[in-house]
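Enquirer: Pasted the sequence and its predicted model underneath.
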Amino acid sequence: MTKLDCHELQTFWDLAGSQVKIKALEVALSRSLFDVLLEPCSIEEIAHKLAIPSANIKGWIDLLWSMGCVDTAVDNKYITSALAKRYMTSVSAMDCSQALQFRFQTLRHFTEQFEALLYVSKNHTALSSAMAPLWAKAAKAQIFQEQRAVTVPALDRILDRVLNVTIAAETPLHFLDLGGGPGLVALSLARRFPNSTGVLFDFPETAKVAYKNVIAEKLEHRIEVQSGDLNKQSPNGQFDLIWCSSVLHFLDDANAAIKRISALLKPNGILLILHAEQTAEKKQCEGVLPFYLPMVMKGNYLPKQGEIAALLDQNGLDVLQSEEITDFPMSSVWLYCGRKVQ
Ligand SMILES: C[S@@+](CC[C@H](N)C(=O)[O-])C[C@H]1O[C@@H](n2cnc3c(N)ncnc32)[C@H](O)[C@@H]1O
C-alpha cells in the first residue's frame, strides 16, 4: 500500500498517535535507555537494568525501534541505533537529550495553555523581563546542546558553502555574537578566524554562562563577554561581522533593534541575521508555526516573509543574499546577509 492509498484522515490519526511516540521517547530519555542499550540487551536485561517489570517493555522498545531509535541485534537483543547514539546518549559530543526533553515539555505546557491564550491580550514586555534567568538556565542545558549539535555545524556550512561572500580565514576581523547564549557560536568564529577578536552580548545572567565557556576554552583573551538588555543597551564596539540568530523574536521592537545593530557595523561590515519567519506557503507554516506560535500568542515577534530584508534596507544595509536554512534547531530559519553601505 502506498501513502496515496491512505484514508485522508490518516494525517490526523498520525497526529493522535504521535502523542504515544512522544511519551515513549520521553521515558526512554529520562531513564537513559539509550545509554543502557549501547551494549546489546535482551528484554529481561533491559527490565533488570531499568528496574521495570518486563511485561510491557517489549512493546515500548518495539515502538522505539519503529521510530529509528533502537535497532535489533542477534539473540533477540536490542541496541541503540546510530542516530540515537549520536544525539541521545551521554557519551556523545552531540548529545541533545536535555534539549529534546525541554522541547517536549515546553510545547506540552503550551498546549495546556492554548485555549486560555486565545482570550489573553498580549503582554510581551512582562514576559521579556521575566525571561532573563530562564535564558541563563537554557544556556546551560538545551541551548548549549543545540548550539553544539546543530547551530555550530549550520554556521560552518553557511560560511563554507552557502554565503556568496567569502571571508578568508586569516582576516583580522572583529565579530559580534548578539544574543549569543552559551557562546558556542562565538567560540567557533574565534577558532575559524584565528586572527579575529570578538564580543558576545547577552543578558547578564546568560553572559556569565557564556563567560565560563569562553574561559573553559581559554579564549578569554580574544572573546569579550558583554552584558545588558538589548531593548535598552547596545554592545560596545564596531564590528566587521555580526551574527544574530533567533534573538529578534524576544525584543520589543525589531526595527529599533536592527537600527542599533546596523550602527554597530563598520563600513562594509557584514550582518548575518537568521530567524524563523512566516511565509504564505502552507507547508512552510506547518513546519514553523507549531514551534513559534507559543511565542506569537504571548506577544513575541515572528517576522513575515520580506520584513527583515525591508528592515535591513531601511537601516542602511545592502541585502546581499537571503536563503532558507533548513538545518537549524526546530524548524527552518531565513538567513539574510547584509552589508553596511559605506
Ligand atoms: C533563542 S536564544 C538564541 C541563542 C543563540 N543566538 C542561538 O541561536 O543559539 C535567544 C538569546 O537571546 C537572548 N536575549 C533575549 N532577549 C534579550 C535581551 N532583551 N537582551 C539581551 N539578550 C537577550 C537570550 O538570553 C538568549 O541567549
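Expert: That came through, no problem.

Enquirer: Give me the secondary structure label for E115.
Expert: What DSSP: H, G, I helix; E, B strand; the rest coil gives for E115 is helix.

Enquirer: pLDDT score for it?
Expert: We have a pLDDT of 93 for E115.

Enquirer: tally of neighbours for it?
Expert: Counted by other C-beta atoms under 10 Å, the residues lying close to E115 total 8. C-beta: built from backbone N, CA, C; applies to glycine.

Enquirer: now swap in G237 and tell me
Expert: If you count neighbours by other C-beta under 10 Å, G237 ends up with 16.

Enquirer: Could you pull up the residues touching the nearest residue to it once chain neighbours are set aside?
Expert: Closest residue to G237 apart from its sequence neighbours, by C-beta to C-beta, 6 or more residues apart in numbering: V199 at 5.6 Å. Contacts for V199 were tallied using C-beta atoms under 8 Å, 6 or more residues apart in numbering; they are 174-177, 186, 223-226, 235-237, 239.

Enquirer: Repeat that for N255.
Expert: Applying C-beta under 8 Å, 6+ apart, one finds that N255 lies in contact with L311, Q314, N315.

Enquirer: one more time with 6 Å
Expert: L311 (C-beta atoms under 6 Å, 6 or more residues apart in numbering).

Enquirer: Make 474 the starting number, not 1.
Expert: Sounds good: first residue 474 from here, last item N728.

Enquirer: what about it, which SS state?
Expert: N728 - assigned by three-state DSSP - is helix.

Enquirer: Can you tell me how far it is from D702?
Expert: Distance of N728 to D702, given as C-beta to C-beta, to the nearest Å: 17 Å.

Enquirer: how about the lengthiest strand in the chain: buried residues?
Expert: Longest strand of the chain, by residue count under DSSP state E: strand 738-748. For strand 738-748, a neighbour-count test (16 or more other C-beta atoms under 10 Å) marks L738, G742, I743, L744, L745, I746, L747, H748 as buried.

Enquirer: The ligand contacts on the stretch 474-623 of the chain?
Expert: S601, W608, A612, I616, Q620 (C-beta under 6 Å from any ligand atom).

Enquirer: please redo it, this time with the cut-off set to 8 Å
Expert: Residues of the stretch 474-623 of the chain lying near the ligand by C-beta under 8 Å from any ligand atom: S601, M604, A605, W608, A609, A611, A612, I616, E619, Q620.

Enquirer: And the buried residues of strand 738-748, which two are furthest apart?
Expert: Taking C-beta to C-beta as the measure, those span a maximum distance of 19.2 Å, between G742 and H748.

Enquirer: Check F507 and give its pLDDT.
Expert: Value for F507, per-residue pLDDT: 98.

Enquirer: so what's it up against?
Expert: The neighbourhood of F507, defined by C-beta under 6 Å, 6+ apart, consists of T553, A557, M561, T562.

Enquirer: From I525, how far out is it?
Expert: F507 is 15 Å from I525, where distance means C-beta to C-beta.

Enquirer: again with L745
Expert: Using C-beta to C-beta, L745 is found at 47 Å from I525.

Enquirer: could you show me where the strands are in the stretch 674-815 of the chain, in order?
Expert: 696-700, 712-718, 738-748, 790-798, 806-813 (DSSP state E, counting those that start in this stretch).

Enquirer: Mind checking the pLDDT average for the first one?
Expert: This means strand 696-700. On average, the pLDDT along strand 696-700 is 98.

Enquirer: contacts for that strand?
Expert: Identification of contacts with strand 696-700 by C-beta under 6 Å, 6+ apart yields A659, A663, G671, V672, L673, F674, P677, A680, A683, Y684, V687, P708.

Enquirer: got it, and the third one?
Expert: Among residues not part of strand 738-748, those counted as contacts by C-beta under 6 Å, 6+ apart are 711-718, 721, 776, 806, 808-813, 815.

Enquirer: ok, now with 8 Å
Expert: With C-beta under 8 Å, 6+ apart as the criterion, strand 738-748 contacts 631, 636, 638, 640, 647, 711-722, 731, 734-735, 776, 781, 785, 790, 798, 801, 806-815.

Enquirer: Confirm for me that F617 is in contact with G653.
Expert: No: if you go by C-beta atoms under 8 Å, F617 and G653 don't touch, sitting 11.6 Å apart.

Enquirer: hang on, the earlier thing: looking at the sheet around the residue nearest to G710, what are its partners?
Expert: Note on V672: beta-bridge partners L649, E697, judged by DSSP bridges.

Enquirer: Tell me the confidence at it?
Expert: Listed pLDDT for V672 reads 98.

Enquirer: Kindly report the same for S527.
Expert: At S527, pLDDT is 85.

Enquirer: Give the burial count for it, as a bare number.
Expert: S527 has 14 neighbouring residues, counting by other C-beta under 10 Å.

Enquirer: Leaving aside the residues adjacent along the chain, what's closest to it?
Expert: Nearest non-adjacent residue to S527, counting by C-beta to C-beta, 6+ apart: A520, 3.6 Å away.

Enquirer: Please list all residues in contact with the residue of the chain positioned farthest from its centre.
Expert: The C-alpha centroid of the chain is most remote from D548, which lies 39.4 Å away (C-alpha atoms, centre = their mean). Counting by C-beta under 8 Å, 6+ apart, D548 touches P513, S515.

Enquirer: And for K732?
Expert: Taking C-beta under 8 Å, 6+ apart, one finds N788 in contact with K732.
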